[in-house]
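Q: Build me a model from this:
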Amino acid sequence: MRAREGQELQLEAELRALVGPSRKEDGCIGFDLHRALETPGGFLLHEVWASRNAHTEHMHTPHFLRWDARKDALLSSRDGTFWQQIA
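A: Take a look at the predicted model:
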């Protein structure tokens with residue numbers, strides 16, 4: 001994710017607010033926030049869920065819905081990819 005210019009601190013605060021509640025959800029194996037060292041305003045959420053269904057349920061929680069309502073004002077770009085562990 002990349003913050004809109006001037007929104008770096010607000011984006012970080014909003015992302016940090018997701019971490020604690022998300023980690024407490026059933027089905028959450030890992031939910032880690034990273035800041036880019038070489039890209040100002042760059043952040044990465046590395047999420048590991050027990051199943052795709054657990055992730056879908058996460059997207060209906062109050063903390064996620066709060067983030068979803070605010071993200072467009074804070075982000076200049078974002079990419080999301082689903083991965084499956086194979087080894």
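Q: Now for Ala3, how many residues are close by?
A: Here the number of neighbours of Ala3 (other C-beta atoms under 10 Å) works out to 21. All C-beta spots, glycine's among them, are computed from the backbone N, C-alpha and C.
Q: Let me see the contact set for the closest residue to it other than its chain neighbours.
A: Spatial nearest neighbour of Ala3, excluding adjacent residues (C-beta to C-beta, 6 or more residues apart in numbering): Gly41 at 3.7 Å. Taking C-beta atoms under 8 Å, 6 or more residues apart in numbering, we find Gly41 in contact with Arg2, Ala3, Arg4, Glu5, Gln7, Glu8, Leu11, Ser76.
Q: Could you do Val48 as well?
A: Here Val48 is in contact with Cys28, Ile29, Gly30, Phe31 (criterion: C-beta under 8 Å, 6+ apart).
Q: give me the number of residues near Phe31?
A: The number of residues near Phe31, taken as other C-beta under 10 Å, comes to 19.
Q: For the residue nearest to Ala3, grab phi and psi.
A: Torsion angles at Gly41 (phi, psi; degrees, to the nearest 10) stand at phi 80, psi 10.
Q: and it, how far is that from Gly80?
A: 17 Å (C-beta to C-beta, to the nearest Å).
Q: Ok, Phe64 next?
A: From Phe64 to Gly80 the distance is 13 Å (C-beta to C-beta).
Q: try Thr61
A: In terms of C-beta to C-beta, Thr61 sits 17 Å off from Gly80.
Q: neighbour-wise, which of those two wins?
A: Using other C-beta under 10 Å as the criterion, Thr61 and Gly80 rank with Thr61 on top: 15 against 7.
Q: Which residues are in contact with the more buried one?
A: Listed by C-beta under 8 Å, 6+ apart, the contact partners of Thr61 are Pro21, Ser22, Glu25.
Q: can you check Glu8 too?
A: Per C-beta under 8 Å, 6+ apart, neighbours of Glu8: Pro40, Gly41.
Q: how close does it get to Thr56?
A: Taking C-beta to C-beta, one finds Glu8 at 30 Å from Thr56.
Q: Check Gln10 too.
A: Gln10 sits 27 Å away from Thr56, taking C-beta to C-beta as the criterion.
Q: Next: Gly20.
A: From Gly20 to Thr56 the distance is 20 Å (C-beta to C-beta).
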